[in-house]
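Colleague: Need coordinates for the below:
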Amino acid sequence: MEDPNIPAEPRDSSSRAIGTGSGFDCLFQLSIRMFQRRDQAEILRLAMESVPTLGPYRALSAYLQRDQKMIEFVGDEHGPPSELVEQLGALDDEDGSVAVPGATWARAFCLKDSGGRSGYLVVTAKAAPGLDELLLLSALAQQTGAAVANAWLHQSEREHSLQLGRLSDELSVMNQRLQEAVADMQHRQTIHDAFTHIVASDGREHEIATTVHELTGCAVGIEDRFGNLLAWAGPGRPDPYPKPDARREEVLQQAAICDGLTRDRGCVVALARSRHEILGVVVLVVPGPTVRPDVRYTLQHAAMALGLRLSHDRNLAEIELRLRRDLVEDLIAGTNDPSVFARSEAVGHNLHAPHHAVAMRWPGRRTEEKLAAAARKASRKLGMSILLARRPGMVVLFSCGQPDSSFFRAVADGMGTDRGAIGVGGRCESPENFARSFQEALRSLRIRQQSRLSNGITFFDELGIYRILGEGDGGASIEAFVQEWIGSLLEYDRRHHSNLVRTLSQYLECGGNYNATANGLVIHRSTLRYRLRRIREISRIDINEVDNRLNLHVATRAWRILDAT
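Modeller: A predicted model of the protein is given here:
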């Protein structure tokens, strides 16, 4: 039975040709046929089939040693005994007798080659062969080993050729990548040299924008921290340049998370930073969804150059700030010096926007430092931009935009008590008006502290006529005026838990209109008539007389401010 792993060779008359001439002639012909084969299994099969032509012998099996193991090629339906492999191992790559059950004579012929690889051809017979037959069998084994080695060499050459082909392809790819890497490094060196020159020559923002445009071919804008345009290069400049919207802070924070770069509506935004602080922005108009690596590299260097440029400007402004008086004190004193804008930018504040002065006091000794910390924390929580300074007994700040009652609550949380007071001055559009807003904040603070409800926040814009009446004597004359005109009604309300003063105030605010007053108080007209009659009886004042009505109206307005409910 033939081994199914060894392809069968056609059984033609040539396969028996070794028996038609002398043994060595036939062996020579067999050797030629073996060396024409390129498959080791075919060579072994040919050798095993040729053994019977040399005499009354049978090829039991053939072995090849590969990777320290004997690979077996069985020649017939009777497989060799398992202990045969152990006997072959003991022969140590030499010919030798082996024990095969049922065979009178059995010998293993070593199949050697020049490379040190080996194998065995195991032959059995009913009687020991003569010297000539043994020599023929040895010669067959030698030729078989040489043919196997030759086939192995051809196979190795084919594998080496394939491997060389693969290596050649890989080398071509590596050369291409190397050329691309060299070109990329040269381009990066050009980018690096361009921005190094800008930094060394103290180049301004427009030089940075022009360089970015030349290197990328894209339009580019340079902005400050607040979105104001500093320079533009390339086509398509927006006119007017768009103001920053509510998404700006979100975009900047996203860029900070993404290593200083992010996309925003068809543009790539790169942050110019000093340490972790954002100083400016490079905005590159990039068509398409992807950004080339060289464009990204250019943006990173541009942002670095811009950061150095803006950081240098800020350092100069900070030096000037140390030589001048404190910025907030200058604003309180009143100034129209244009340098305040650069100085405010040096501390990260946009002074171009409308502001309100804010004066704050909290009870306790030396609370200014704690109050300042609470105010800063509250402003960060509410997204407010402020300039802050401490003064004896109070904290003063200028807020970009008007704070509301939530600011008071946030400060009170920071202080641990709501017993403090805050006064907010009127809106000021330019630095020369800050002093006026500060005085208004002080007046609002003083009115709040002197009112019946002394804690809370008071806005100068909501004081109404009290803006005028609240000056001069700290509000004492207003208190006297209120007591003179509606004091008796206040006392009556206090004792009887009534609402005569509120009714009178609503009546005067509605210009004496009964229907509007009743609707505003959510009472019936008859109830309103009764209350107005009681007001006349208690105050002994004719509320229909023009001068009396004016004084009563002013007194109720002042009462609302003083009561500050």
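Colleague: Okay, now the unreliable bits of the chain?
Modeller: 1-23, 74-82, 113-117, 317-325, 451-452, 464-477, 561-565 (pLDDT under 70).
Colleague: Kindly state the domain boundaries assigned to it.
Modeller: 13-158, 205-319, 327-463, 476-563 (automatic domain parsing).
Colleague: can I get the ones you listed in a markdown table with distance to residue 197 and mean neighbour count?
Modeller: In this view, the C-beta of every residue, glycine as well, is placed from N, C-alpha and C. A markdown table is the format used below for the domains of the chain (distance: least, CB to CB, whole Å; neighbours: other CB atoms under 10 Å):
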| stretch | distance to residue 197 | mean neighbour count |
| --- | --- | --- |
| domain 13-158 | 59 | 17 |
| domain 205-319 | 9 | 17 |
| domain 327-463 | 26 | 18 |
| domain 476-563 | 65 | 16 |
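Colleague: Just put these in TSV and tack on distance to residue 187.
Modeller: Output for these, formatted as TSV (distance: least, CB to CB, whole Å):
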stretch	distance to residue 187
domain 13-158	44
domain 205-319	6
domain 327-463	35
domain 476-563	70
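Colleague: Compare those domains and report which one is nearest to residue 168.
Modeller: Of all those, domain 13-158 sits nearest to residue 168, with 15.5 Å by CB to CB.
Colleague: Residues contacting the host helix or strand of residue 398, please?
Modeller: Here residue 398 sits within strand 394-400, counting by DSSP states H and E. Strand 394-400 is contacted by residues 328, 331-332, 349-350, 353-361, 368, 371-372, 375, 379, 384-390, 434, 437-438, 441, 445 when judged by CB atoms under 8 Å, 6 or more residues apart in numbering.
Colleague: Could you list which of the residues you listed belong to helices?
Modeller: Counted as lying in helices by DSSP state H, out of these, are 328, 331-332, 368, 371-372, 375, 379, 434, 437-438, 441, 445.
Colleague: which of these lies closest to residue 119?
Modeller: Once CB to CB is applied, the member of those that ends up nearest residue 119 is residue 379, at 90.1 Å.
Colleague: OK, contacts around the closest one?
Modeller: Taking CB under 8 Å, 6+ apart as the test, what residue 379 contacts is 385-386, 397, 399, 407.
Colleague: possible to save those residues as TSV with distance to residue 44?
Modeller: TSV is the format used below for the contacts of residue 379 (distance: CB to CB, whole Å):
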residue	distance to residue 44
385	91
386	95
397	99
399	98
407	97
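Colleague: ok, these vs residue 124, which is closest?
Modeller: residue 385 (103.7 Å).
Colleague: how about the residue lying closest to residue 55 once chain neighbours are set aside, secondary structure?
Modeller: Among residues not flanking residue 55 along the chain, residue 133 sits closest, at 4.9 Å (CB to CB, 6 or more residues apart in numbering). Counting by DSSP: H, G, I helix; E, B strand; the rest coil, the backbone at residue 133 sits in helix.
Colleague: Residue 133 contacts residue 54, doesn't it?
Modeller: Yes: counting by CB atoms under 8 Å, residue 133 does reach residue 54; the two are 6.5 Å apart.
Colleague: Geometric centre of the protein: which residue is closest?
Modeller: Nearest to the mean C-alpha position of the chain, by CA atoms, centre = their mean, lies residue 258 at 3.1 Å.
Colleague: OK, contacts around the residue nearest to residue 54 when sequence neighbours are not counted?
Modeller: In space, and not counting its chain neighbours, residue 54 is closest to residue 136: 5.0 Å by CB to CB, 6+ apart. Counting by CB under 8 Å, 6+ apart, residue 136 touches 23-24, 27, 54-55.
Colleague: before we move on, what about residue 140?
Modeller: Residues in contact with residue 140 (CB under 8 Å, 6+ apart) are 27, 30, 47, 50-51, 54, 109, 121.
Colleague: Next one: it relative to residue 131, how far apart?
Modeller: Applying CB to CB, to the nearest Å, the value for residue 140 to residue 131 is 15 Å.
Colleague: what do you get for residue 436?
Modeller: 133 Å.
Colleague: now swap in residue 24 and tell me
Modeller: With CB to CB as the criterion, residue 24 and residue 131 are 14 Å apart.
Colleague: And for residue 309?
Modeller: According to CB to CB, residue 309 and residue 131 sit 102 Å apart.
Colleague: Look up which residues are beta-bridged to residue 263.
Modeller: On the basis of DSSP bridges, residue 263 is bridged to residue 268.
Colleague: What values do phi and psi take at the residue sitting furthest away from the middle of the chain?
Modeller: Relative to the centre of the chain, and counting by CA atoms, centre = their mean, the farthest-placed residue is residue 130 at 88.5 Å. As for residue 130, its main-chain torsions (degrees, to the nearest 10) stand at phi -80, psi 180.
Colleague: still on that earlier bit, name all residues that make contact with the residue nearest to residue 55.
Modeller: Listed by CB under 8 Å, 6+ apart, the contact partners of residue 133 are 54-55, 57.
Colleague: Mind checking which of these are in strands?
Modeller: Using DSSP state E, the members of the contacts of residue 133 that fall within strands are residue 57.
Colleague: Switch the contacts of residue 133 over to CSV; also include distance to residue 524.
Modeller: Formatted as CSV, the contacts of residue 133 follow (distance: CB to CB, whole Å):
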residue, distance to residue 524
54, 139
55, 142
57, 138
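Colleague: out of the contacts of residue 133, who's nearest residue 488?
Modeller: Nearest to residue 488, judged by CB to CB, of the contacts of residue 133 is residue 57 at 146.8 Å.
Colleague: The closest one pairs with what?
Modeller: residue 125.
Colleague: Which residues are in contact with it?
Modeller: Contacts of residue 57 (CB under 8 Å, 6+ apart): 51, 123-125, 129, 133, 137.
Colleague: out of the residues you listed, what pair is the most spread apart?
Modeller: The most widely separated members of the contacts of residue 57 are 124 and 133, with 13.3 Å between them, by CB to CB.
Colleague: What strand or helix carries residue 62?
Modeller: Going by DSSP H and E, residue 62 is part of strand 57-66.
Colleague: Tell me how far that strand lies from the chain's centre.
Modeller: Strand 57-66 has its C-alpha centroid displaced from the chain centroid by 69 Å (CA atoms, centre = their mean, to the nearest Å).
Colleague: circling back to that earlier point, and the helix or strand where the residue nearest to residue 54 lies, how far out from the chain's middle?
Modeller: Element membership for residue 136 (DSSP H and E) is helix 131-200. Offset of helix 131-200 from its chain centre (CA atoms, centre = their mean): 42 Å.
Colleague: Equivalent analysis for stretch 243-258, please.
Modeller: Chain-centre distance of stretch 243-258: 13 Å, with CA atoms, centre = their mean.
Colleague: Other residues contacting that stretch?
Modeller: Applying CB under 8 Å, 6+ apart, the contact partners of stretch 243-258 are 226-227, 261-262, 264, 269-271, 273, 276, 278, 281.
Colleague: one more time with 10 Å
Modeller: For stretch 243-258, the external contacting residues (CB atoms under 10 Å, 6 or more residues apart in numbering) are 223, 225-228, 261-265, 267-271, 273, 276, 278, 281, 303, 383.
Colleague: And for stretch 195-204?
Modeller: For stretch 195-204, contacts defined as CB under 10 Å, 6+ apart pick out 207-208, 210-212, 215, 222, 230-231, 298, 300-306, 308-309, 312-313.
Colleague: repeat that with 6 Å
Modeller: 207, 301, 305, 308 (CB atoms under 6 Å, 6 or more residues apart in numbering).
Colleague: from these, which ones fall inside helices?
Modeller: Among the contacts of stretch 195-204, the residues falling in helices (DSSP H) are 207, 301, 305, 308.
Colleague: Let me know the closest of the residues you listed to residue 194.
Modeller: residue 301 (7.9 Å).
Colleague: wait, what's in contact with the closest one?
Modeller: Taking CB under 6 Å, 6+ apart, we find residue 301 in contact with 191, 195.
Colleague: that older thread, please convert the contacts of stretch 195-204 to TSV, extending it with distance to residue 162.
Modeller: As requested, those are exported to TSV (distance: CB to CB, whole Å):
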residue	distance to residue 162
207	58
301	47
305	53
308	56
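Colleague: This completes my enquiry, with thanks.
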